[in-house]
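Visitor: sequence first, predicted model second:
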Amino acid sequence: MITLKTSKGDIKIKLFEKEAPITVKNFLDYIDAGFYKGTIFHRVIPGFMVQGGGFTADFVQKPTSDPIKNEADNQLSNKRGTLAMARTSVVDSATAQFFINLVDNDFLDFKAPTPQHFGYCVFGEVVEGMDVVDQIAAVKTGSHQMHRDVPTENIVILDAVRD
């Protein structure tokens, strides 16, 4: 269990270590290093997901460790309240950024071992504080530099800690 302490309130998360051991270890390594402290939820799309864990409040992308193997083929589904790793179009490109699904996003699940169908690795779920996630999803968004769907007010991860 971990707690994301945000400027909107606390979000308690249960991690799926058995189903996604590489991803959970990676996430915990970032937590233990204090990496998430002061990062923001930089992408908010109502009816889809909220994404964070990579940018500071000044919208500077933080340097990360090497990308990890994508474990999306772990039989877990991108259901409302689950956490998954953000990545580029490259299957094994996830580093620190994660997202919380606001609805069931089954289309993000593993379908086949191909780049276009590999999916996004679910590695945890919100067990307390989904109301906080919904508050984050309700903020006004706009554009910032080349990014869209950026909250107009900073939603800061004040800290991320093991419980």
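Guide: Everything's here; your move.

Visitor: residue 17 reaches residue 24, doesn't it?
Guide: Yes - in this structure, residue 17 is within contact of residue 24 by Cβ atoms under 8 Å, at 4.5 Å. (C-beta placed from N, C-alpha, C; glycine too.)

Visitor: which residue packs closest to residue 29, ignoring adjacent ones?
Guide: Sequence neighbours aside, residue 65 is the residue nearest to residue 29 in space, at 7.2 Å (criterion: Cβ to Cβ, 6 or more residues apart in numbering).

Visitor: remind me, longest helix of this structure?
Guide: Longest helix in the chain by number of residues (criterion: DSSP state H): helix 21-32.

Visitor: can I get the CA coordinates of that helix in CSV?
Guide: What follows is helix 21-32, C-alpha atoms only, in CSV (Å, rounded to 0.1, in the frame of the first residue of the first chain):
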residue,chain,number,x,y,z
PRO,A,21,6.6,-7.3,-10.1
ILE,A,22,8.8,-5.3,-12.4
THR,A,23,6.4,-2.4,-12.6
VAL,A,24,5.7,-2.3,-8.8
LYS,A,25,9.4,-2.5,-8.0
ASN,A,26,10.0,0.4,-10.4
PHE,A,27,7.2,2.5,-8.9
LEU,A,28,8.4,1.8,-5.3
ASP,A,29,12.0,2.7,-6.3
TYR,A,30,10.8,6.1,-7.5
ILE,A,31,8.7,6.5,-4.3
ASP,A,32,11.7,5.5,-2.1
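
Visitor: which residues in this structure form strands?
Guide: Shown for the chain, the strands assigned by DSSP state E span residues 2-6, 9-15, 39-45, 49-56, 82-85, 98-101, 122-128, 141-144, 147-151, 156-162.

Visitor: let's have these in a markdown table, adding distance to residue 111.
Guide: Formatted as a markdown table, the strands of the chain follow (distance: least, Cβ to Cβ, whole Å):
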| stretch | distance to residue 111 |
| --- | --- |
| strand 2-6 | 29 |
| strand 9-15 | 24 |
| strand 39-45 | 22 |
| strand 49-56 | 18 |
| strand 82-85 | 15 |
| strand 98-101 | 17 |
| strand 122-128 | 14 |
| strand 141-144 | 29 |
| strand 147-151 | 25 |
| strand 156-162 | 31 |
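
Visitor: identify the bridge partners of the residue nearest to the spatial centre of the chain.
Guide: The residue lying closest to the centre of the chain (Cα atoms, centre = their mean) is residue 98, at 1.9 Å. In this entry, residue 98 is beta-bridged to residue 52, residue 85, by DSSP bridges.

Visitor: surely it touches residue 53?
Guide: Yes - between residue 98 and residue 53 there is a contact under Cβ under 8 Å: 5.1 Å.
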